[in-house]
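Undergrad: Got a predicted model here, sequence first, then my questions.
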Amino acid sequence: MSTGHDRIGAAQRRWQDFAVGEDMAPQHFPLSVARLVLAVGANRDFNAIHYNTEEAQASGAPEMYANNFFLQGMWEKAVRAHIGLAGRIHRLSGFQMKSFNTAGDTVVVRGRVLRTWVDGERGMLEFDIWSENVHGVSVGPGRVLASLPLAAPGPASPPVLPP
């Protein structure tokens, strides 16, 4: 569960509302054993290093740790919280694990708007993004490319009923 400022469910931002250099609200992801086990089941990466301390330590890790799918999902959640549900995520790049994100850690995803431009009828956004734990930057930095429609989503038209 994220404890950062969550834009999902908030008023939808428009592409024009974003500014280069704007920071995303940090998203916090506490990594409990239960959360890591649930992530393994959800993304079907059943390698024991992600849910068993002894197996993780035998492979050289200090503790069971989050896998790539889970960590990439954190990046997506952070961007989605910033752009809202009308946005579309196109690409994630530069994803590189630098240290383990282990049971007991809290992963904090941070980012900022790197650039904005218009491509046809879409407003494009590129984010610089990274994950941190107690050891510093644990994943990234990388980039996420997203877009929003240029026109703000309007209210749905009421249905026309026959007379």
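TA: That came in fine, so what should we check first? Numbering: from 1, shown residues only.
Undergrad: State which helix of the protein is the longest.
TA: helix 68-83 (DSSP state H).
Undergrad: Can you point out the buried residues in it?
TA: Neighbour-count burial for helix 68-83 flags 70-75, 77-83 (criterion: 16 or more other CB atoms under 10 Å). Every C-beta, even on glycine, is put in place using the N, C-alpha and C of the backbone.
Undergrad: Against which helices or strands is whichever helix or strand comes after it packed?
TA: Note on helix 68-83: by DSSP states H and E, the next helix or strand toward the C-terminus is strand 88-93. Counting contacts by 3 or more CB pairs under 8 Å, 6 or more residues apart in numbering; DSSP states H and E, strand 88-93 is packed against helix 68-83, strand 136-149.
Undergrad: With mean pLDDT and distance to residue 93 added, can I get the ones you listed in JSON lines?
TA: Formatted as JSON lines, the helices and strands packed on strand 88-93 follow (pLDDT from 0 to 100; distance: least, CB to CB, whole Å):
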{"stretch": "helix 68-83", "mean pLDDT": "95", "distance to residue 93": "11"}
{"stretch": "strand 136-149", "mean pLDDT": "96", "distance to residue 93": "5"}
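Undergrad: how close does the residue nearest in space to the middle of the chain sit to residue 63?
TA: Taking CA atoms, centre = their mean as the criterion, residue 75 is the residue nearest the geometric centre of the chain, at 2.1 Å. For residue 75, the distance to residue 63 equals 22 Å [CB to CB, to the nearest Å].
Undergrad: Repeat that for residue 13.
TA: According to CB to CB, residue 13 stands 38 Å off from residue 63.
Undergrad: Likewise for residue 149?
TA: Distance, residue 149 to residue 63, by CB to CB: 43 Å.
Undergrad: ditto for residue 72
TA: 20 Å.
Undergrad: and what of residue 57?
TA: Taking CB to CB, one finds residue 57 at 7 Å from residue 63.
Undergrad: what's the answer for residue 98, then?
TA: From residue 98 to residue 63 the distance is 16 Å (CB to CB).
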